[in-house]
Every structure is written in C-alpha cells, then in structure tokens.
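Asks: Build me a structure from this.
(4 chains)
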Protein chains: 2
Amino acid sequence: MVQTRSQKLSASLEDYLEAIFNLAGESNVARSKDIAKLLGVAKPSVTGALKLLAKKGLVNYRPYGYVTLTDSGVAEAARVARKHNIIKSFFVNILGVDAKVAQEAACKAEHALGPAIISRLLDFTDFITRTGRNGYDVADEFKQFRKGKRQGGSKHKSKQPGK
Amino acid sequence: MVQTRSQKLSASLEDYLEAIFNLAGESNVARSKDIAKLLGVAKPSVTGALKLLAKKGLVNYRPYGYVTLTDSGVAEAARVARKHNIIKSFFVNILGVDAKVAQEAACKAEHALGPAIISRLLDFTDFITRTGRNGYDVADEFKQFRKGKRQGGSKHKSKQPGK
DNA sequence: TTGACAAGTTAAGCAATCCTAACTATATTA
DNA sequence: TAATATAGTTAGGATTGCTTAACTTGTCAA
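Replies: Residues are numbered from 1 along each chain as shown, chains lettered A, B, ... in the order given. Below is the predicted model:
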C-alpha cells in the first residue's frame, strides 16, 4: 500500500531525496554507494533511508536493485531542489558568497526556510538581477561597498581613499 | 573543572542558551518553567539541557536554584542572538516578511548559516538601509515590484496598470 | 563456470533529544 | 509553623539517525 504523501519529511530524508534526484539525472537511477558518498554517511544509513522513502511512496526500492524516484518522489525532490537553488542563487548573485560556501549553506538553510521566505527571496533575487540589467546594479554596488569597508573606508559612495 | 569552550553547541543547546539569554534580561536569572514554555518543551527537557550547558561551563546550575549564564555563556548566547537578529532584520526590512514569520524562520536559519553568510547579510541589510536614506530605496522598490507582480503586471518600472 | 571483489543488507548498538509519570524541594499562605 | 500548590528533578522509555562488523548478493574476468 503505497501512501502518496504521508507527512512532512525530516531534514535528513529530504537530503536523501535530493541526493537521489541530483544523482539520477538523465539515467534516472541512483546507486546506494553514490548517495552515501554524496551525503557523507555510511552505506547502511542509505539502506535505512531508502526503506523509509519507499514506505512513503517516494522511491522505488528493491533490495540490491537500482533506486529510482516515483512520480511524487520526483515532485517532492524538485521542490526541495528548487528551494536549494533559490537560496544558493541569492547567496552567490546578491551577497557575492563563494559558490562552494553558498552550496553548503544552502544545503542547511533549505530545511529552515518556509514558502513565505522562499517566495520573497526568489522575487528579490529576480528583482535585483533585472534592475541590474537596467542600470543600477545593486549587487555590484554592494560589492564595492564591501570592498570599501574592508579598506577601512566609511563613505562607500566616493571612490577616492577614505577621509 | 569547568571547561570553558568545549565544542560547537548543537542547534538544540543553542536554542536553550538563547532562551535563557532572552528571558534573563535585566534580572539576569531565568526560570526553568519559562524556558520550557518559550521553547515549547516539557520541563524535564530543560533540566537535561541545563545540566549539559553547566558541564560546558555556559550556565550556573544548581538543582532547584535559579539559572544564570556564566561569562562565556553570555558571550556565546550573544553570538547566537546576534545571528538571529541579523537574519530577522533582513527578512523584515529587506524582504518585507511579516515579523512573526520572520521571527520563527530566523530561529531555524540561525543554526544553518555560518559566519561568511552572516557577515555579508549584515553588510547587505546595512547597505540597503543606508542607500535607502540617500534616495534609492531598494526595499521599497522591491515592495512595489511584488505588488505589481501580484496584480499580474510584468513591467514594474511603470506605475500605470499593465499594458 | 567459478571465484573474487564490490555493492548492498542485516544486526546490534550508541547518542541526542524528546516525552510521561512519579517523586522531591521550595515557597506561600492560612 | 504547617499544609499545600508550584517548580523542578529523576526514572524510564520512544524516536531518529547514525555507526561498525559481519553477512549476502550480484557481476565480471579468468
């Protein structure tokens, strides 16, 4: 009896689902070994998680077989991955955070931020990106602001060294 | 033997520490009952957490006594609270999120975001706030952008109804 | 075809965090 | 000052998520 949307997933199970989603790619199948490696856990942890996800109707699991996502598993994973990308994009494109740092932070933050925040974060990044193409690039101005700040300057608007 | 900075605190222990910090306020003391209420846990959970925090040298704990933070407890709690406020401020002042939603999201996100992100988030909120006072208010423009979007408009810059 | 190696599973257990029920200490008030 | 209500603790247990060690399965090359 494959129940199709039992409850909210735990952060951990969301991570497994997202990992399968990302590993599967075109081939549509993921291997236990790779999931373990990607998430930095031991193999038996993956087996356990797969059984839970299967019970929730999110993955097709057969012992010793390949792992694939069900339709609702894909939907759920895509939802998580979308959150991840929105957060990461904000970190990288607006805040100017290093891609690797942004990636890791997004992995954690994606479990903490609800729809209200995510929706606004997406719109905001979008908004800043658009206006950037129309002349006033907030992200770039912010970068200059940071740079000035690092050099002990306090004025930001002026380009000559402080004072 | 009060070890003064044993390790990274778990998200849960950070929550307890922050709760004590917020409850203590001027009086400097917090009561177990209030911690439990604030965090939505049962009283024995608080007792357990206090023992752990005491072992780490972060709170002064005596059975049936009042709870106070040690110096390093205050420092650590302030660090967590600062994160919280930076995140919340960004949500409220830049993204325009409802204060209550922002409060709850910040509670979760504060455990997920490291120093690199936090530092930039603080600077960014600061930057936007400053430039807002100098004429171009990004936060306000974004609010208009959202409003326009909600009404199905696609242009944002123009104030007349779409098309 | 078989045997060896890699992949996956099972079993057992540990740590963190929470809970309820029952008990003890403190403080208030009559 | 003694009874009682409130606060706090202890004991015991559930859940989640992870681990290692040992076992099973499957595949590929000799």
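
Asks: C-alpha from now on. contacts and neighbour counts both.
Replies: Fine.

Asks: Can you spell out the domain ranges of chain A, please?
Replies: A:11-69, A:79-147 (automatic domain parsing).

Asks: Tabulate those (TSV), appending mean pLDDT.
Replies: Putting the domains of chain A into TSV (pLDDT from 0 to 100) gives the following:
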stretch	mean pLDDT
domain A:11-69	96
domain A:79-147	96
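
Asks: DNA strand C contacts on chain A?
Replies: Within reach of DNA strand C by CA under 7 Å from any atom of the strand, chain A has these residues: A:31-34, A:43-44, A:46-48, A:62-66.

Asks: Pipe the domains of chain A into JSON lines and attach mean neighbour count and distance to DNA strand D per row.
Replies: Formatted as JSON lines, the domains of chain A follow (neighbours: other CA atoms under 10 Å in any protein chain shown; distance: least, CA to the nearest atom of the strand, whole Å):
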{"stretch": "domain A:11-69", "mean neighbour count": "17", "distance to DNA strand D": "4"}
{"stretch": "domain A:79-147", "mean neighbour count": "18", "distance to DNA strand D": "11"}
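
Asks: Can you lay out these as CSV showing distance to residue B:140?
Replies: As requested, the domains of chain A are exported to CSV (distance: least, CA to CA, whole Å):
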stretch, distance to residue B:140
domain A:11-69, 34
domain A:79-147, 11
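
Asks: tell me the centre residue of chain A?
Replies: residue A:84 (1.8 Å; CA atoms, centre = their mean).

Asks: That one and residue A:106 touch, don't they?
Replies: Yes: using CA atoms under 8 Å, residue A:84 is in contact with residue A:106, at 5.6 Å.

Asks: what's the closest of the domains of chain A to chain B?
Replies: Evaluated with CA to the nearest CA, the domains of chain A place domain A:79-147 nearest to chain B, the distance being 5.2 Å.

Asks: near chain B, anything from that closest one?
Replies: Yes: counting by CA under 8 Å from any CA of the partner chain, chain B has neighbours in domain A:79-147: A:91, A:95, A:97, A:102, A:105, A:108-109, A:112-114, A:116-117, A:120-121, A:123-124, A:127, A:142, A:145-146.

Asks: what's the span of that domain from first residue to last?
Replies: In domain A:79-147, first residue to last residue: 36 Å (CA to CA, to the nearest Å).

Asks: what sits against residue A:91?
Replies: Residues near residue A:91 by CA atoms under 8 Å, 6 or more residues apart in numbering or on different chains: A:97, A:102, B:117.

Asks: which one is the first one nearest to, not counting chain neighbours?
Replies: Once its chain neighbours are removed from consideration, residue A:97 has its nearest residue in residue A:91; the separation is 5.5 Å (CA to CA, 6 or more residues apart in numbering or on different chains).

Asks: what's the answer for the last one, then?
Replies: In space, not counting the residues next to it along the chain, residue B:117 is nearest to residue A:97; the distance is 7.0 Å by CA to CA, 6+ apart.

Asks: Identify the bridge partners of residue A:59.
Replies: residue A:69 (DSSP bridges).

Asks: close enough to count as contact, it and residue A:69?
Replies: Yes: the pair residue A:59 / residue A:69 is scored as a contact, 4.2 Å apart, by CA under 8 Å.

Asks: pLDDT score for residue A:157?
Replies: pLDDT, residue A:157: 44.

Asks: Can you tell me how far the residue nearest to residue A:97 is from residue B:18?
Replies: 26 Å.

Asks: Would you mind checking which of the contacts of residue A:91 is nearest to residue B:10?
Replies: Using CA to CA, residue B:117 comes nearest to residue B:10 of these, at 19.1 Å.

Asks: wait, what's in contact with that closest one?
Replies: Contacts for residue B:117 (CA under 8 Å, 6+ apart) come out as A:91, A:95, A:97, A:102.

Asks: Check the secondary structure at it for me.
Replies: Classification of residue B:117 using DSSP: H, G, I helix; E, B strand; the rest coil returns helix.

Asks: returning to what we had before: export the residues of chain A next to DNA strand C as a markdown table, with columns for distance to residue A:134.
Replies: Rendered in a markdown table, the data for the residues of chain A next to DNA strand C read as follows (distance: CA to CA, whole Å):
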| residue | distance to residue A:134 |
| --- | --- |
| A:31 | 46 |
| A:32 | 47 |
| A:33 | 47 |
| A:34 | 44 |
| A:43 | 50 |
| A:44 | 52 |
| A:46 | 48 |
| A:47 | 51 |
| A:48 | 51 |
| A:62 | 53 |
| A:63 | 55 |
| A:64 | 55 |
| A:65 | 52 |
| A:66 | 49 |
